[in-house]
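In: Build the 3D model from these lines:
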Amino acid sequence: MRSNFTVGRIIRENEPGAGLRTIMRIGRAGERLVSYACVTTETYRHFGRLGLGAVFGSKKLKAVMVSGKSSLPVRDKSQYREVYDEIYRAAVKSEVMKKYHDLGTAENILPLNELGALPTKNLRTAKFDGVSGISGEKFAEQYLGRRLACSHCPVGCIHIAALREPYEDEVYFYKTSMISYDYEPIYALGPMLGNSDTEGMLRLMDMVEAYGLDAMSTGVALAWATEAMEKGIISEKEAIIRLNWGDYRAYKEGVRMIVEQPNEFYRALAHGVEYASSVYGGEDYALAFGKNEMPGYHTGAGAHIGILIGARHSHLDNAGYSIDQKALARNKNPLPEELVEALLAEERWRQILSSLAVCFFARGIYLPETVLKALRQAGFDLSIEDLPRIGEEIHREKYRFKIREGFSLESLRIPGRILETLSPAGRLDERYIREAIGHFRRLMTEPES
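Out: As a prediction, the model looks like this:
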């Protein structure tokens, strides 16, 4: 019954190996089998999507610690150093990586809002009037407490807010909470819930972290529940509390009840908006793609199609939002077939990067030639032609697993709300999206290249 934070502290205090270990653990949400419970690693990082925390919980597994001192040999130490230094220098000089150092991914809040692509109040709109209260700049100026970096990374993109709060019963005594933030939790617990109260959002974020919930799914679930209350398909009898846009205190109570599940409504909501809306109604505004709640992008068709067809139904699969923005810059709308082929090419290259544990933020640095240089030092002699073939193999293997487990492109539901709310590319067309899915299906049934 212990929180994410407490479990990490207990393991650190009782197990040797500081600096040579990694701790993966779940919170109360995983124990309660919430479908979007996550696994926290290194305190501020997560296996966030697709409910790995619930898998841990189903196996009565609270935490896993991995430690060791072994290292892998390299082919030529001097050449290894050259490749290492080349990648390191590229990261230090990169303007993109500088952005991640200065503001983190929270830098994207203002530009996406200006573009009209920031999902707000369950995507009733894609612009948020209160955006200045939850921007990356606001966090950096008033709340940034420290930056952290993954091992050997010079960037330090992990931004931690320091929230100082007084104790109610003692004068001049304060509690300082260190809360990791980035674009996705801000979107989901801020604009998506109509919340512009910076400190209130941080308190809500801290609670989500302690319970071990995926922030995106939690925010989208509460946004759907708020609109469902407004439309009268659920009442205070089911919700127990009154959910109102921007009321972070009510949302904190909603988070607690998603985890504790005091009634049938919260048991349904703990399974996600796809399931909850199938029971209570409101499917048109239930923002789930392949049963996974939407991330924070309403940039155009690419963002949504990419999530629908992605191997993990995640914005990290193929960066459809980036493809949308490039199309906007060119003032050209791609044909459905062109869009799908761009999404597929991007995702298959990402299979290479993720298999090598390369940070996607650094994908502009790890170009194919750089990847090949690094692999050679580890003893893998591959050609430039080998990489796309291996990426395709990995991608197809993931899809075979999905289909074996019951996934079907034919049964994908397109949330009506994404067609109603204006995007930077205009209103989206369901026929266009269906044609794109159909083209993807044809490509996936072709023999491997």
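In: number of nearby residues for the residue nearest to D317 when sequence neighbours are not counted?
Out: Nearest-residue entry for D317: G310, 3.2 Å, with adjacent residues in sequence omitted and distances by CB to CB, 6 or more residues apart in numbering. Where C-beta positions appear, they are placed from N, C-alpha and C, glycine not excepted. Counted with other CB atoms under 10 Å, residues neighbouring G310 total 23.
In: doesn't H304 make contact with G310?
Out: No: taking CB atoms under 8 Å as the definition, G310 is not a contact partner of H304, at 10.6 Å.
In: looking at it, E293 is touching M216, isn't it?
Out: Yes: the criterion here is CB under 8 Å, and E293 meets it with M216 at 5.7 Å.
In: For the stretch 251-400 of the chain, which segments are assigned as helices?
Out: Listed from the start of the chain, the stretch 251-400 of the chain has helices (DSSP state H, counting those that start in this stretch) covering 264-269, 273-280, 301-309, 315-318, 320-330, 336-355, 368-377, 386-404.
In: in the protein, which residue is closest to the centre?
Out: Nearest to the geometric centre of the chain sits E184, at 5.9 Å (CA atoms, centre = their mean).
In: Relative to the whole chain's centre, how far out is whichever strand or helix holds I160?
Out: Per DSSP states H and E, I160 falls inside strand 158-166. Its chain's C-alpha centre lies 21 Å from the corresponding centre of strand 158-166 when counted by CA atoms, centre = their mean, to the nearest Å.
In: cool, stretch 263-273 as well?
Out: Relative to its chain's centre, stretch 263-273 lies at 21 Å (CA atoms, centre = their mean).
In: first vs last residue of that stretch, how far apart are they?
Out: Across stretch 263-273, the straight-line distance between its terminal residues is 16 Å, by CA to CA, to the nearest Å.
In: ok, and for that stretch, which residues are buried?
Out: For stretch 263-273, burial by neighbour count (16 or more other CB atoms under 10 Å) applies to 265-273.
In: what are the phi and psi values for the residue sitting furthest away from the middle of the chain?
Out: Ranked by distance from the centre of the chain (CA atoms, centre = their mean), the top residue is V171, with 39.4 Å. Reported as degrees, to the nearest 10, the phi and psi values for V171 are phi -70, psi 140.
In: Tell me the spacing between the closest residue to M257 other than its chain neighbours and G116.
Out: Distances taken as CB to CB, 6+ apart put Y266 closest to M257, at 4.7 Å, once the chain neighbours are dropped. Counting by CB to CB, to the nearest Å, the separation of Y266 from G116 is 34 Å.
In: R147 now?
Out: When distance is defined by CB to CB, R147 is 30 Å away from G116.
In: wait, D182 sits on T105?
Out: Yes: between D182 and T105 a contact is recorded at 4.4 Å, counting by CB under 8 Å.
In: Do I have it right that M178 meets I160?
Out: Yes: with contact defined as CB under 8 Å, M178 reaches I160; the gap is 5.0 Å.
In: any common contacting residues for these two?
Out: Listed as contacting both M178 and I160 by CB atoms under 8 Å, 6 or more residues apart in numbering are 145-146.
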